[in-house]
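[1] what follows is a predicted protein model with its sequence.
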Amino acid sequence: MVNRKRPIILRCPVTAEERTLIERKMAQLQTKRIGAYLRKMAIDGYIIYVDTRDIKEMNKLLSAIGRNINQVAKRVNAGGPTYQADMEEIWERLDQIWQLQRRILLSQR
């Protein structure tokens, strides 16, 4: 073992499902040696991180506007009055959503 080209051994336990996924990816690259594949991925592989904070914020705003619309719809269906302030809040929130969506799309360029 002393004369090995790579004397340090790394171990990584995996589940059966993970092993199957690794083997499928190895087959795509037509490689048979798992050690070579894992070493190559650990050294040269890359991780894609997607920041979804803007999308989560947009979902929060969409949820809020949906609640507002439901409240107005209940009032209208019950024969009650609609209030200009409610409609203005809905339009304001909708404008926030459009601005956020534009910002998300512009950041993708």
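    Sure, I can see it.
[2] same for the helix or strand hosting Glu18, what does it pack against?
    Using DSSP states H and E, Glu18 sits within helix 16-28. Counting by 3 or more C-beta pairs under 8 Å, 6 or more residues apart in numbering; DSSP states H and E, the packing neighbours recorded for helix 16-28 are helix 34-44. Every C-beta, even on glycine, is put in place using the N, C-alpha and C of the backbone.
[3] give me the residues contacting the helix it packs on.
    With contact meaning C-beta atoms under 8 Å, 6 or more residues apart in numbering, helix 34-44 is reached by Cys12, Ile22, Glu23, Lys25, Met26, Leu29, Thr31.
[4] let's see the pLDDT reported for the last one.
    This points to Thr31. What the model reports for Thr31 is a pLDDT of 81.
[5] and it, how far is that from Thr20?
    16 Å (C-beta to C-beta, to the nearest Å).
[6] cool, and the first one?
    Using C-beta to C-beta, one gets 15 Å for the distance from Cys12 to Thr20.
[7] who has more neighbours, the two?
    Of the pair Cys12 and Thr20, Thr20 is the one with more neighbours under other C-beta atoms under 10 Å, namely 11 against 8.
[8] how's the protein carved up into domains?
    If you go by automatic domain parsing, the domain ranges for the chain are 11-47, 53-107.
[9] deepest of those domains, which one?
    domain 53-107 (a mean of 12; mean count of other C-beta atoms under 10 Å).
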